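In: the sequence and its predicted three-dimensional model are supplied below.
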Amino acid sequence: YATTTNSTFTITESGVYSAERRSEDLTVSCVRSIGNFTVTIDEKPTGVPALTSTGNLEFCEGEGMVVLTAPTGFANYQWYKNGSAIGVNTPGFSATLNTLEVTEAGTYSVSVGNASGCYGPVSNVISVTVRSLPSLPSSISQVETSCGEGAVTFSFYGSSSYRYQLINALTGQPSGNSVSGASPGYITSDVISEATPFYFEVSYADGSGCVNLCQQCVFRTRRQYTSSRHYCL
């Protein structure tokens with residue numbers, strides 16, 4: 001039980017409360033009662049949540065994913081990317097799940113909240129790095145078109161930051177030696193004796209492991225020689 005002469009009263013504990021407004025003068029005492037009402041105060045999380053990760057934190061574009069995990073047992077989770085809150089309408093995001101699947105580069109953190117929407121401190125930060133795929137070469141063309149068995153050379157415009165490799169589309173195996181980029185650059189296949197399609201494979205010269213394979217870049221090359229007609233077929 002508590003009294004106050006103010007028009008407001010601060011409640012700091014959960015419970016069932018009632019209130020009376022009393023007015024008195026020398027001759028009259030008036031009381032106005034307010035019925036019972038329940039106040040529930042949820043404890044705000046106070047500890048810093050420990051954010052953990054599963055999966056490689058650095059991967060090539062389109063080839064990896066990191067699963068971030070916050071502590072369980074909380075009603076709400078506010079996830080952050082690069083310091084900004086991730087919106088509830090973001091695909092793959094749920095404000096009630098303690099996990100987040102990440103496929104984009106950025107720094108990620110989380111804060112946990114109770115059912116009333118009160119959140120505690122922000123967790124540790126986890127950084128995810130996504131390496132872009134190397135760019136495909138341009139202006140690829142076959143240098144010569146002679147018939148019969150032999151190697152095939154292509155010219156192309158590339159970058160010294162990349163290495164280029166011909167892939168035999170019939171076998172899926174590398175053909176010839178890889179070369180570093182130049183403008184123009186030249187790359188030569190192994191010896192072939194029939195019409196052979198090739199793909200271009202591009203990787204980083206520093207060996208980071210990111211590879212871009214252009215399967216739409218199909219080049220049918222040197223064709224088999226027919227002695228009876230002396231034509232390239």
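Out: In hand now; what should we look at?
In: flag the shaky bits of this protein, pLDDT-wise.
Out: 1-5, 24-29, 31, 144-146, 216-233 (pLDDT under 70).
In: at 50 instead, please
Out: 223-233 (pLDDT under 50).
In: what about the residue lying closest to Glu104 once chain neighbours are set aside, helix or strand, and which?
Out: If the residues on either side of it in the chain are set aside, Glu104 comes closest to Val130, at 6.4 Å by C-beta to C-beta, 6 or more residues apart in numbering. From N, CA and C alone the C-beta is placed, and that goes for glycine too. Under the criterion of DSSP states H and E, Val130 resides in strand 126-131.
In: list the buried residues in that strand.
Out: 126, 128, 130-131 (16 or more other C-beta atoms under 10 Å).
In: who touches that strand?
Out: 51, 53, 57-61, 64, 66, 68, 102-109, 204, 208, 210 (C-beta atoms under 8 Å, 6 or more residues apart in numbering).
In: out of those residues, which sit inside strands?
Out: Of the positions in the contacts of strand 126-131, 53, 58-60, 66, 68, 102, 106-109, 204 sit in strands, assigned by DSSP state E.
In: related to what we said a few turns ago, the buried residues of strand 126-131: which two are farthest apart?
Out: Spatial extent of those (C-beta to C-beta) is set by the pair Ile126 and Arg131 at 17.2 Å.
In: about what we covered before: now a ChimeraX select for only the buried ones of the contacts of strand 126-131.
Out: Filtering these down to the buried ones (16+ other C-beta under 10 Å) takes a single ChimeraX command:
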select :51,53,59,60,64,66,68,102,105,106,108,109,204,210
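In: send the alpha carbons of stretch 154-165 over as PDB?
Out: Output of stretch 154-165 as PDB, limited to C-alpha atoms (Å, rounded to 0.1, in the frame of the first residue of the first chain):
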ATOM      1  CA  PHE A 154      42.900 -18.600 -79.200                       C
ATOM      2  CA  SER A 155      43.400 -14.900 -78.700                       C
ATOM      3  CA  PHE A 156      41.500 -13.000 -75.900                       C
ATOM      4  CA  TYR A 157      41.500  -9.900 -73.800                       C
ATOM      5  CA  GLY A 158      42.000 -10.500 -70.100                       C
ATOM      6  CA  SER A 159      43.600  -9.300 -66.900                       C
ATOM      7  CA  SER A 160      47.000  -9.900 -65.400                       C
ATOM      8  CA  SER A 161      45.100 -10.600 -62.100                       C
ATOM      9  CA  TYR A 162      43.700 -13.800 -63.500                       C
ATOM     10  CA  ARG A 163      44.800 -17.100 -65.000                       C
ATOM     11  CA  TYR A 164      43.100 -18.700 -67.900                       C
ATOM     12  CA  GLN A 165      42.600 -22.300 -68.800                       C
END
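In: please compute how far it lies from its chain's middle.
Out: Per C-alpha atoms, centre = their mean, to the nearest Å, the displacement of stretch 154-165 from the mean C-alpha position of its chain is 28 Å.
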